[in-house]
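Student: Below: sequence and its predicted model.
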Amino acid sequence: MQANIDEIIRILEVEWDVDGFFYNVRNGRFDPVKGQEIVAILQNIDPGKGKLLPKRLVSLLWYMPVFLDFQDDRVNEQGNDTAEYEKFRNQIVCALENVLGMP
């Protein structure tokens, strides 16, 4: 499990960095193909039953839905497909519910 989690952390750090997926979304550039790659990464996280997730992974995950909501206007202003972006945001929330659970 740990090697998989370490690799996912590395990938997500790149996506949050300059020129990564989330950086581009912040600038109104939503790539639906890359978005599906992010969803697939999240769907591949297997924390194991009763195991704690590394703090760094949680820090990369928890802010995604809030961040994506905040970027809605920017993505819309750049002429992106708003229905596709909304679908992507919902997929992120569902994937994170599976990883992090619900209260």
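Tutor: Arrived safely, thanks for sending.
Student: Chain neighbours aside, what residue packs nearest to Arg29?
Tutor: Distances taken as CB to CB, 6 or more residues apart in numbering place Gln78 nearest to Arg29, at 6.3 Å, with adjacent residues excluded. C-betas here are computed from N, CA, C, even on glycine.
Student: Can you give me every residue that contacts that neighbour?
Tutor: Applying CB atoms under 8 Å, 6 or more residues apart in numbering, we find Gln78 in contact with Gly28, Arg29, Phe30.
Student: now swap in Arg89 and tell me
Tutor: Pro65, Leu68, Asp69.
Student: pLDDT score for it?
Tutor: Looking at Arg89, its pLDDT is 98.
Student: which sections of this structure are below the confidence cut-off?
Tutor: Across the chain, residues meeting the criterion (pLDDT under 70) sit at 1-3.
Student: Just the C-alphas of stretch 24-44, formatted as CSV.
Tutor: The C-alpha coordinates for stretch 24-44 follow below in CSV (Å, rounded to 0.1, in the frame of the first residue of the first chain):
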residue,chain,number,x,y,z
ASN,A,24,-4.3,25.6,-15.0
VAL,A,25,-7.8,25.4,-13.5
ARG,A,26,-6.9,28.4,-11.3
ASN,A,27,-6.2,30.2,-14.5
GLY,A,28,-9.5,29.2,-16.1
ARG,A,29,-8.0,26.4,-18.2
PHE,A,30,-9.9,23.2,-17.6
ASP,A,31,-8.7,20.1,-19.5
PRO,A,32,-11.5,17.4,-19.2
VAL,A,33,-9.1,14.6,-20.3
LYS,A,34,-6.6,15.6,-17.6
GLY,A,35,-9.5,15.9,-15.2
GLN,A,36,-10.5,12.3,-15.8
GLU,A,37,-6.9,11.3,-15.1
ILE,A,38,-7.1,13.0,-11.7
VAL,A,39,-10.4,11.2,-11.0
ALA,A,40,-8.7,7.9,-11.9
ILE,A,41,-5.8,8.7,-9.6
LEU,A,42,-8.2,9.3,-6.7
GLN,A,43,-10.2,6.2,-7.5
ASN,A,44,-7.0,4.2,-7.2
